[in-house]
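Asker: predicted coordinates and the sequence they were generated for:
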Amino acid sequence: MANTQGPQGNNDPAGSTQMFRAFVDDAPQSRQAAPASSSGPRVGLIVGVLAAVIVVAAVAWLALG
């Protein structure tokens, strides 16, 4: 098995750090746009949960009644 991470490689840890910092610096801009569009799926989730509760209650009422 060959040692691929020897000192002769072209691995630049500082370059990886710089790319990560650039990624982190860009991330807050994309997070600011997300909350404006998240109200639609949240309403759908609430409606779905309420529908599931109603169905479970109806099944329990029919089973016990």
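Answerer: Yep, it's here.
Asker: mean pLDDT per helix and strand in the protein: which one sits at the bottom?
Answerer: Least confident element among the helices and strands of the chain, by mean pLDDT, DSSP states H and E: helix 13-37 (a mean of 66).
Asker: and the next element down the chain from it?
Answerer: The helix or strand immediately downstream of helix 13-37 is helix 39-64, counting by DSSP states H and E.
Asker: against which helices or strands is that next one packed?
Answerer: Judged by 3 or more CB pairs under 8 Å, 6 or more residues apart in numbering; DSSP states H and E, helix 39-64 is in contact with no other helix or strand. Bear in mind the C-beta positions are built from the backbone N, C-alpha and C, glycine included.
Asker: quick one: mean pLDDT for it?
Answerer: For helix 39-64, mean pLDDT is 91.
Asker: if I look at Ala58, how far off is Gly48?
Answerer: 16 Å (CB to CB, to the nearest Å).
Asker: give the burial count for Val47, as a bare number.
Answerer: 10 (other CB atoms under 10 Å).
Asker: for it, give its distance to Val55.
Answerer: 13 Å.
Asker: what do you get for Leu62?
Answerer: 11 Å.
Asker: do the same with Ala22
Answerer: Per CB to CB, Ala22 is found 49 Å from Val55.
Asker: kindly report the same for Gly65.
Answerer: Taking CB to CB, one finds Gly65 at 16 Å from Val55.
Asker: more neighbours: those two, which one.
Answerer: Val55 (10 against 5).
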